[in-house]
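Participant: Predicted coordinates and the sequence they were generated for:
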Amino acid sequence: MLTLTINGNAHDVDVPADMPLLWVLRDVVGLTGTKFGCGISACGACTVHLDGQPIRSCITPVAAGVGKRITTIEAIGATPAGKKVQAAWQALDVPQCGYCQSGQVMSASALLAAKAKPSDADIDDAMAGNICRCGTYPRIRAAIKKAAGVTDTEV
């Protein structure tokens with residue numbers, strides 16, 4: 001039995017220690033906002049925060065989350081950066097199909113929590129590996145800048 005702190009709540013899970021965190025979140029705990037995309041850490045759809053850092057939950061063993069704070073898309077709006085990112089995403093109608101967006105929001109929220117006024121290079125680095133098959137990258141970048149209160153002339 002493993003105890004995880006997910007979105008501020010303790011969850012006891014009876015799973016193998018090497019089970020990917022993604023499947024524990026989705027299938028055991030019932031938090032389905034985190035998406036399965038590739039299973040090899042290449043697309044970013046499964047991004048969650050582990051002690052505030054973005055990680056790919058499809059390749060992270062559940063045991064890595066024991067004793068740490070796990071935050072999923074379901075709770076990111078309770079954080080200052082997450083709230084700003086979600087508001088900007090809505091204001092700019094970022095999603096098209098929406099499948100990758102939970103991972104995109106999680107990566108963007110981690111970026112803004114670490115760096116309040118990111119440059120384009122900071123955004124590129126933080127969002128690398130988050131794939132959007134619909135190609136909403138310009139809207140994603142604009143939303144990150146809006147959430148940060150940054151205009152193109154400031155960076």
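Facilitator: Thanks, I have the structure now.
Participant: C-alpha from now on. contacts and neighbour counts both.
Facilitator: Fine.
Participant: I'd say Asp12 and Met1 touch.
Facilitator: Yes. Using CA atoms under 8 Å, Asp12 is in contact with Met1, at 6.4 Å.
Participant: got a list of what the residue nearest to the spatial centre of the chain touches?
Facilitator: Residue closest to the average C-alpha location in the chain (CA atoms, centre = their mean): Met106, at 2.1 Å. By CA atoms under 8 Å, 6 or more residues apart in numbering, the contact list for Met106 reads 47-49, 54, 72-73, 76, 82.
Participant: Need the CA coordinates for stretch 1-15. CSV is fine.
Facilitator: In CSV, the C-alpha atoms belonging to stretch 1-15 read as follows (Å, rounded to 0.1, in the frame of the first residue of the first chain):
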residue,chain,number,x,y,z
MET,A,1,0.0,0.0,0.0
LEU,A,2,1.4,3.4,-1.0
THR,A,3,0.1,6.8,0.2
LEU,A,4,0.1,9.6,-2.2
THR,A,5,-0.7,13.3,-1.7
ILE,A,6,-2.7,14.3,-4.8
ASN,A,7,-4.1,17.8,-5.0
GLY,A,8,-3.8,18.2,-1.3
ASN,A,9,-5.6,15.0,-0.4
ALA,A,10,-4.1,11.7,0.9
HIS,A,11,-4.8,8.6,-1.2
ASP,A,12,-3.9,5.1,-0.2
VAL,A,13,-3.4,3.0,-3.4
ASP,A,14,-2.7,-0.7,-3.5
VAL,A,15,-0.7,-0.9,-6.7
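Participant: All set, thanks.
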